[in-house]
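Colleague: based on what follows, work out the 3D shape:
(2 chains)
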Protein chains: 2
Amino acid sequence: MNFSSKILEQAVDHVSQLPGIGKRTALRLVLHLMRQPANQTAELAGSLSKMRHDLKFCTTCHNVSDNDLCEICASPKRDRTVLCVVEDIRDVMAIENTSQYRGLYHVLGGKISPMDGVGPQDLNVVSLVNRVKNEAVVELIFALSPTIEGDTTNFYIFKQLGDIPVNTSTIARGIAVGDELEFADEVTLGRSILHRVPYETSLKS
Amino acid sequence: MNFSSKILEQAVDHVSQLPGIGKRTALRLVLHLMRQPANQTAELAGSLSKMRHDLKFCTTCHNVSDNDLCEICASPKRDRTVLCVVEDIRDVMAIENTSQYRGLYHVLGGKISPMDGVGPQDLNVVSLVNRVKNEAVVELIFALSPTIEGDTTNFYIFKQLGDIPVNTSTIARGIAVGDELEFADEVTLGRSILHRVPYETSLKS
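Modeller: A predicted model of the protein is given here:
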């Protein structure tokens, strides 16, 4: 692209470094900001700087946090005997939105994926094993995505736990609520039959 | 969405005010910045602030500019007798990229569109008429999009010109280069036949 302004070109360059945003979209966003009151841009720039500077990761569960300990880890209302292992903080938010879980979390920060160059040493696995060993954890729930990478990561953690006495479980895989049975893939449908639950149990949720 | 951090929530809120970016995308972008080195966020925030603060609009043609007069208006190499009327600065960039035009521009800043509440008073029409009146403009090229709004705007400007002696033209409308004739819409195909050009002329470009 042929910019008539160096300042504009630089702004577009920086915005287009964000994932999924190309030069054209960046230009559209930047021109939008130019048409808005100046304080909108100031607030955007300010909150991004503040976020990058002040936002912390919880020292216990690696969730994002305003303090050293996140709200969930600090809350006295949570069940400290259950630990839910998730890939990233968006999964924490998704599970929190269901209001069905009252235990604690552990954010791995990714999945083992040799294709993307992510190995176990890049994830928060050591701190997870230490938590299970040193805290009063009774159950560990694997809540990673049901993909090959997710399953590999689950298995790696399971092996690392060794003979630490803890129950492990994975979130249920089956037909999504509202889905038509005939359109479900075979693996999912197969698992949903293998892991069927007593009808009385299904009535409770 | 249920954020565990006020700082994160505020950053996501500000990013999601950009057009076409929802809360989920904003969260993805913000978390991406958290994973990148801190200076990337600092540069992004800095260049947005600088852009909003320092970027000017050319006092003559309303193109974006680092100075009071944009590079195109200031260039001694441009043909000052031809003026191309465009909707916004992206159109200037698009036409400049073709390297087929050596005249000057006039950026209207939009099209007359009662549906969107945009009237002639919101556009840079008065300054356009003054330029045509006071400068040595021989030809005015309407290069707005061939839509109802574009045609309306062209006609409004044409009427405003009154009896100022100037030739007016519009960019050619026809079959796009590389397009299949059978898939062209009727209006476009009809115009391309009505406004056919001598074969020798078509060989030159």
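
Colleague: after the lengthiest helix in chain A, which helix or strand is next? Please name it.
Modeller: Criterion DSSP state H: the longest helix present in chain A is helix A:38-54. Using DSSP states H and E, the helix or strand that directly follows helix A:38-54 along the chain is strand A:56-57.

Colleague: partner strands of that following strand, with direction?
Modeller: Applying DSSP bridges to the sheet, strand A:56-57 is found paired with strand A:64-65 (antiparallel).

Colleague: next SSE after the strand it pairs with?
Modeller: Downstream of strand A:64-65 (by DSSP H and E), the next one is helix A:71-74.

Colleague: returning to what we had before: and the longest helix of chain A, what does it pack against?
Modeller: helix A:23-35, helix B:6-15, helix B:23-35, helix B:38-54 (3 or more Cβ pairs under 8 Å, 6 or more residues apart in numbering or on different chains; DSSP states H and E). The way it works is simple: take the backbone N, C-alpha and C, and place the C-beta from them, glycine included.

Colleague: let me know the angle separating the longest one from helix A:38-54.
Modeller: Translated: helix B:38-54. If you take axes from the mean of the first three to the mean of the last three Cα atoms, to 10 degrees, helix B:38-54 sits at 170 degrees to helix A:38-54.

Colleague: that older thread, which of the helices and strands packed on helix A:38-54 sits most buried?
Modeller: helix B:6-15 (a mean of 20; mean count of other Cβ atoms under 10 Å in any protein chain shown).

Colleague: tell me what that helix is packed against?
Modeller: By 3+ Cβ pairs under 8 Å, 6+ apart, helix B:6-15 packs against helix A:38-54, helix B:23-35.

Colleague: which of those sits closest to A:Phe183?
Modeller: Proximity to A:Phe183 (Cβ to Cβ) singles out helix B:23-35 among the helices and strands packed on helix B:6-15, at 24.3 Å.

Colleague: anything in the closest one near chain A?
Modeller: Yes. Using Cβ under 8 Å from any Cβ of the partner chain, helix B:23-35 reaches chain A at B:25, B:27-34.

Colleague: need the helices and strands packed on helix A:38-54 in JSON lines with mean pLDDT and distance to B:Asp179, can you?
Modeller: Putting these into JSON lines (pLDDT from 0 to 100; distance: least, Cβ to Cβ, whole Å) gives the following:
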{"stretch": "helix A:23-35", "mean pLDDT": "92", "distance to B:Asp179": "21"}
{"stretch": "helix B:6-15", "mean pLDDT": "93", "distance to B:Asp179": "38"}
{"stretch": "helix B:23-35", "mean pLDDT": "91", "distance to B:Asp179": "33"}
{"stretch": "helix B:38-54", "mean pLDDT": "93", "distance to B:Asp179": "37"}
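
Colleague: so which of those helices comes closest to B:Ser145?
Modeller: Going by Cβ to Cβ, the one of the helices and strands packed on helix A:38-54 nearest B:Ser145 is helix A:23-35, 15.5 Å.

Colleague: quick one: the closest one to helix B:38-54, angle?
Modeller: Relative orientation of helix A:23-35 versus helix B:38-54 (the same axes, to 10 degrees): 50 degrees.

Colleague: so what's the spatially most central residue of chain A up against?
Modeller: Geometric centre of chain A, nearest residue: A:Asp88, 2.2 Å, by Cα atoms, centre = their mean. Counting by Cβ atoms under 8 Å, 6 or more residues apart in numbering or on different chains, A:Asp88 makes contact with A:107-110, B:31.

Colleague: and the furthest pair within those?
Modeller: Largest separation among those by Cβ to Cβ: A:Leu108 and B:Leu31, giving 14.2 Å.

Colleague: hey, which strand is longest across chain A?
Modeller: In chain A, with assignment by DSSP state E, the single longest strand is strand A:79-86.

Colleague: what is the rounded mean pLDDT of the helix or strand following that strand?
Modeller: Reading on from strand A:79-86 to the C-terminus, the next helix or strand found by DSSP H and E is helix A:89-98. The average pLDDT within helix A:89-98 is 90.

Colleague: stretch A:137-153 too?
Modeller: pLDDT averaged over stretch A:137-153 gives 92.

Colleague: any bit of it sitting next to chain B?
Modeller: No. Judged by Cβ under 8 Å from any Cβ, stretch A:137-153 makes no contact with chain B; its nearest approach is 15.5 Å.

Colleague: can you get me the start-to-end distance on that stretch?
Modeller: 20 Å (Cα to Cα, to the nearest Å).

Colleague: what's in contact with it?
Modeller: A:80-87, A:91, A:95, A:103, A:108, A:111-113, A:123, A:131-132, A:154, A:157, A:161, A:166-171, A:173.

Colleague: could you redo the last one with a cut-off of 6 Å?
Modeller: Stretch A:137-153 is contacted by residues A:81-87, A:111-113, A:154, A:166-171, A:173 when judged by Cβ atoms under 6 Å, 6 or more residues apart in numbering or on different chains.

Colleague: filter the residues you listed down to the buried ones and hand me the ChimeraX line.
Modeller: Buried members of these, defined by 16 or more other Cβ atoms under 10 Å in any protein chain shown, are picked up in ChimeraX with:
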select /A:82,83,84,85,86,87,111,112,113,154,170
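
Colleague: on that earlier part again, the longest helix of chain A: how far from the chain's middle?
Modeller: 24 Å (Cα atoms, centre = their mean, to the nearest Å).

Colleague: what sits up against it?
Modeller: Contacts for helix A:38-54 (Cβ under 6 Å, 6+ apart): A:33, B:7, B:10-11, B:14, B:38, B:41, B:45, B:48-49, B:52.

Colleague: would you list the residues you listed in CSV and tack on distance to A:Leu189?
Modeller: Conversion of the contacts of helix A:38-54 to CSV gives the following (distance: Cβ to Cβ, whole Å):
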residue, distance to A:Leu189
A:Leu33, 48
B:Ile7, 43
B:Gln10, 43
B:Ala11, 41
B:His14, 43
B:Ala38, 47
B:Thr41, 45
B:Ala45, 49
B:Leu48, 49
B:Ser49, 54
B:Arg52, 54
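
Colleague: from B:Asp66, how far out is A:Lys6?
Modeller: Between A:Lys6 and B:Asp66 the distance is 6 Å, computed by Cβ to Cβ, to the nearest Å.
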